[in-house]
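>>> after the sequence you'll find the predicted model.
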Amino acid sequence: MKPILVCTLLALGSAGIAAAATQEPAAVAGRVTNASGAPLAGAVVRITALQAGTVTRPDGSYRLVVPAGRLPAAPGQRYTVTASTLGYQTLSARITLALGATVTQDFVLEPAAVALEGIVVNAATAEAQRVRIRGANSVSTAADAGAYSTAAPAPPGQVTRGEFNTENYAAIDESPFLAVRGNPLSTFSIDVDRASYSNVRRFLRAGQAPPKDAVRIEELLNYFPYAYPEPRGEHPFSVVAEVGPCPWNPGHRLVHVGLQGRHVDTRELPASTWSSWSTSPGRCSRPTSCRW
């Protein structure tokens with residue numbers, strides 16, 4: 001009798017395992033859209049109680065599969081399924097899952113107000129109303145010096161020193177107005193600098209107003225390419241000029257003068273070596289130093 005009983009139990013156990021293995025999982029499917037019906041790609045749809053989740057496809061559709069082993073034997077259990085994505089309110093729904101069945105659940109998410117961290121700078125005088133980025137030394141007033149600083153507190157036991165940064169800008173003095181009748185002379189620089197554009201962009205992306213001496217209008221204009229014609233013959237550069245109305249003063253005219261030097265063909269240049277070196281590696285520990 002014992003061998004027969006053991007064989008019977010083994011057969012029943014194997015049948016139960018095979019039956020559990022062949023059970024189809026439960027699933028939830030649908031779409032996640034906004035109030036106007038546009039699909040929301042990358043939205044997270046999850047059932048926290050079952051530790052199951054998925055993300056929506058580019059068309060807003062999703063299919064969340066729950067393995068049979070995570071569902072209880074008793075049918076008719078209800079679960080909370082949620083849909084969430086950045087910029088929208090999280091939405092929940094109650095559903096009933098059953099093995100081998102797919103429940104359809106769509107979500108329409110409403111926009112959510114996102115509170116962004118702001119920086120308020122108080123200035124005592126009109127002269128000190130510039131916003132200071134960390135380490136910029138072009139401000140000189142007492143109000144500027146303490147207007148804005150992002151220096152992180154030092155770890156316990158570490159001795160700190162003041163802000164160290166050599167970032168500064170030469171003062172720019174505006175040229176006075178000169179009547180053309182008495183001063184019929186204009187000069188043009190033969191070199192092209194563009195660094196001010198990238199520097200101003202760095203300040204703006206950080207949410208700062210750049211120091212006024214860091215803003216160089218000619219470098220902002222020179223940052224963009226212009227389809228000026230190549231110089232011809234013996235002339236080292238070509239000149240393009242046009243006159244147009246002045247938007248802020250109808251009594252004035254604006255003159256646009258563009259210079260184009262000769263482009264050098266670099267396709268046949270021999271190979272060259274570029275090398276760089278730096279000293280004082282301790283100075284590279286600050287985020288505003290040793291940028292490559």
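Arrived safely. In this text the structure is predicted, and so the values were computed from the model without any measurement.
>>> now the strands for this structure?
Assigned by DSSP state E, the strands in the chain fall at 26-34, 44-47, 52-55, 61-66, 78-84, 91-96, 102-104, 107-109, 237-245, 253-261.
>>> out of these, which gets nearest to Asn222?
With CB to CB as the criterion, Asn222 lies closest to strand 253-261 of the strands of the chain, at 10.3 Å. Heads up, the C-betas are built off the backbone N, CA and C, glycines and all.
>>> for that closest one, packing partners?
For strand 253-261, the packing partners by 3 or more CB pairs under 8 Å, 6 or more residues apart in numbering; DSSP states H and E come out as strand 237-245.
>>> partner strands of the strand it packs on and their direction?
When pairing is defined by DSSP bridges, strand 237-245 lines up against strand 253-261 (antiparallel).
>>> the partner strand: which residues count as buried?
For strand 253-261, burial by neighbour count (16 or more other CB atoms under 10 Å) applies to Gly258, Leu259.
>>> could I get the strands of the chain as JSON lines with mean pLDDT and distance to Phe177?
Compiled in JSON lines, the strands of the chain are given as follows (pLDDT from 0 to 100; distance: least, CB to CB, whole Å):
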{"stretch": "strand 26-34", "mean pLDDT": "93", "distance to Phe177": "55"}
{"stretch": "strand 44-47", "mean pLDDT": "90", "distance to Phe177": "61"}
{"stretch": "strand 52-55", "mean pLDDT": "86", "distance to Phe177": "62"}
{"stretch": "strand 61-66", "mean pLDDT": "91", "distance to Phe177": "65"}
{"stretch": "strand 78-84", "mean pLDDT": "92", "distance to Phe177": "60"}
{"stretch": "strand 91-96", "mean pLDDT": "93", "distance to Phe177": "63"}
{"stretch": "strand 102-104", "mean pLDDT": "92", "distance to Phe177": "73"}
{"stretch": "strand 107-109", "mean pLDDT": "94", "distance to Phe177": "58"}
{"stretch": "strand 237-245", "mean pLDDT": "87", "distance to Phe177": "19"}
{"stretch": "strand 253-261", "mean pLDDT": "86", "distance to Phe177": "15"}
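>>> at which residues are the helices of this structure located?
Assigned by DSSP state H, the helices in the chain fall at 2-22, 142-145, 195-205, 217-222.
>>> lowest average pLDDT across those?
Within these, the stretch with the lowest mean pLDDT is helix 142-145, showing a mean of 39.
>>> who is Thr46 paired with across the strands?
Heads up, residue 46 is Arg, not Thr. With DSSP bridges as the rule, Arg46 is bridged to Gly53, Thr82.
>>> what's the burial count for it?
When counting by other CB atoms under 10 Å, one arrives at 17 neighbours for Arg46.
>>> residues contacting it?
Ala52, Gly53, Thr54, Leu64, Val81, Thr82 (CB atoms under 8 Å, 6 or more residues apart in numbering).
>>> how much space separates it from Ala93?
Noted for Arg46: a distance of 12 Å to Ala93, by CB to CB, to the nearest Å.
>>> between those two, what contacts are shared?
Common contacts of Arg46 and Ala93, defined by CB under 8 Å, 6+ apart, comprise Val81, Thr82.
>>> can you list the low-confidence ranges for the stretch 101-250 of the chain?
Per-residue confidence of the stretch 101-250 of the chain (counting by pLDDT under 70) places the weak regions at 113-165.
>>> what about Val45, how many residues nearby?
Val45 has 24 nearby residues by other CB under 10 Å.
>>> try the one 4 residues further on
Other residues near Ala49 come to 12 when the count uses other CB under 10 Å.
>>> my guess is it contacts Tyr79. True?
Yes. If you go by CB atoms under 8 Å, Ala49 and Tyr79 touch, sitting 5.5 Å apart.
>>> number of residues surrounding the nearest residue to Gln260 once chain neighbours are set aside?
Leaving aside its chain neighbours, Gln260 sits nearest to Tyr228 (3.5 Å; criterion: CB to CB, 6 or more residues apart in numbering). Tyr228 is flanked by 14 other residues according to other CB under 10 Å.
>>> show me the contacts for Tyr228.
Ser238, Val240, Gly258, Leu259, Gln260.
>>> what would those look like in a markdown table with distance to Phe203?
Formatted as a markdown table, the contacts of Tyr228 follow (distance: CB to CB, whole Å):
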| residue | distance to Phe203 |
| --- | --- |
| Ser238 | 35 |
| Val240 | 32 |
| Gly258 | 28 |
| Leu259 | 29 |
| Gln260 | 30 |
